[in-house]
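In: coords please:
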Amino acid sequence: MPDEKFSTERIIGIKRWTAGLFSFRTTRHKGFRFVPGQFARLGLPNSDGNTVWRAYSMVSAPYDEHLEFFSIVVPGGAFTSMLAERRVGDEILIDKTAFGFLTTNRFRPARDLWLLATGTGLAPFLSILQDPAIWSDYENIVVVHSVRTAAELTYRDEMQALTAHPLIGEQARRLRHVPVVTREPVAGALDARIPSLIREGRLEAATGISLDTGHSRVMICGNPDMVRDTRSTLKARGFTLARRDASGQMAVENAF
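Out: The predicted structure follows:
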């Protein structure tokens, strides 16, 4: 039995995007609170009777009655192999405390918000996009989602549907979604790694928005190589990390 630090929730919905990507929804403990961009610790018992814990960013909004998460299936993975076998109605443990600092409250006001993701690193940005406050705080919001194949370009319909969101509506038309597919040609998508697209000026050309420290705030989430290289590329242009005790223009987190 979990102690009072954790709650036992149930899976109430599963969506399989590809053979290796899926989203799932769970019930939500009434005391669980989070800021868009944060993550939760999820637990599953293994065959030895021990609980395996992993961190997952929330896709859902803080005001939703459910929690939604986005996962990759890691072949032989200690956690994702078990998670991929779960069905609607199965139980999962969720820590009652949310974690993480990939949140927009780390930034001072600016004109443009850039959300740069690879793969399941898109998850925290989907939660952030459902926060009505950012549509008032920023004039332009850019989501860059880099994947290997077109089938992995997930949540496109959900981002387009933000225009019908009761708390956001027409403001969502200011969203610029930039798909990036690196291993096959796809019409309308860019075709290189995010750091290269920044260095070559292709990302700015595709959006018509400049990346500069005066107007831009950048959030980066994805595989560690992308996060490291993008951070380094932006650092060369004068961007610094936003910390509690110092202003900055970047916030970063590796995808879980």
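In: secondary structure class for M226?
Out: Of the three states, M226 takes helix under DSSP: H, G, I helix; E, B strand; the rest coil.
In: what segments of the stretch 1-150 of the chain are strands?
Out: 6-18, 21-26, 39-45, 51-57, 67-72, 91-95, 112-118, 140-147 (DSSP state E, counting those that start in this stretch).
In: dump these to JSON lines, plus distance to F239 and mean neighbour count.
Out: The C-beta positions use only the backbone N, C-alpha and C, and glycine is treated the same way. Shown next, in JSON lines, are these (distance: least, Cβ to Cβ, whole Å; neighbours: other Cβ atoms under 10 Å):
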{"stretch": "strand 6-18", "distance to F239": "32", "mean neighbour count": "15"}
{"stretch": "strand 21-26", "distance to F239": "30", "mean neighbour count": "21"}
{"stretch": "strand 39-45", "distance to F239": "23", "mean neighbour count": "20"}
{"stretch": "strand 51-57", "distance to F239": "22", "mean neighbour count": "19"}
{"stretch": "strand 67-72", "distance to F239": "27", "mean neighbour count": "22"}
{"stretch": "strand 91-95", "distance to F239": "32", "mean neighbour count": "19"}
{"stretch": "strand 112-118", "distance to F239": "10", "mean neighbour count": "26"}
{"stretch": "strand 140-147", "distance to F239": "15", "mean neighbour count": "24"}
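In: ok, which of those strands comes nearest A78?
Out: Closest to A78 of the strands of the stretch 1-150 of the chain, according to Cβ to Cβ: strand 51-57, at 5.4 Å.
In: partners of the closest one, with directions?
Out: strand 39-45 (antiparallel) (DSSP bridges).
In: quick check: angle from the strand it pairs with to strand 91-95?
Out: 140 degrees (axes from the mean of the first three to the mean of the last three Cα atoms, to 10 degrees).
In: use 43 as the first number for this chain going forward.
Out: With 43 as the first residue, the last one maps to strand 81-87.
In: now the angle from strand 81-87 to strand 63-68?
Out: Going by the same axes, to 10 degrees, strand 81-87 makes 90 degrees with strand 63-68.
In: identify the residues contacting strand 81-87?
Out: Identification of contacts with strand 81-87 by Cβ atoms under 8 Å, 6 or more residues apart in numbering yields 44, 48, 74, 76, 93-100, 109, 111, 121, 124-125, 128, 134-137, 139-142, 166, 298.
In: just the helices in the stretch 193-298 of the chain please.
Out: 198-202, 236-241, 244-249, 266-277 (DSSP state H, counting those that start in this stretch).
In: care to break the chain down by domain?
Out: The chain breaks down by automatic domain parsing into domains covering 48-137, 146-296.
In: distance from the first one to the middle of the chain?
Out: The gap between the average C-alpha position of domain 48-137 and the chain average comes to 14 Å, counting by Cα atoms, centre = their mean, to the nearest Å.
In: please apply the same query to the longest one.
Out: Once both centres are worked out by Cα atoms, centre = their mean, domain 146-296 turns out to sit 10 Å from its chain's centre.
In: same deal with stretch 284-298?
Out: For stretch 284-298, the distance to the chain centre is 14 Å (Cα atoms, centre = their mean).
In: quick check: mean pLDDT of that stretch?
Out: The average of the pLDDT scores along stretch 284-298 is 86.
In: out of the helices of the stretch 193-298 of the chain, which is closest to T255?
Out: Closest approach to T255 among these (Cβ to Cβ): helix 266-277, 9.0 Å.
In: hey, C-alpha coordinates of that closest one in CSV?
Out: Provided in CSV are the C-alpha atoms of helix 266-277 (Å, rounded to 0.1, in the frame of the first residue of the first chain):
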residue,chain,number,x,y,z
PRO,A,266,19.6,15.7,-23.6
ASP,A,267,21.7,16.2,-26.7
MET,A,268,19.2,18.7,-28.2
VAL,A,269,18.8,20.5,-24.9
ARG,A,270,22.6,20.8,-24.4
ASP,A,271,23.3,21.9,-28.0
THR,A,272,20.4,24.4,-28.2
ARG,A,273,21.3,25.9,-24.9
SER,A,274,24.9,26.3,-26.1
THR,A,275,23.7,27.8,-29.4
LEU,A,276,21.6,30.4,-27.6
LYS,A,277,24.2,31.1,-25.1
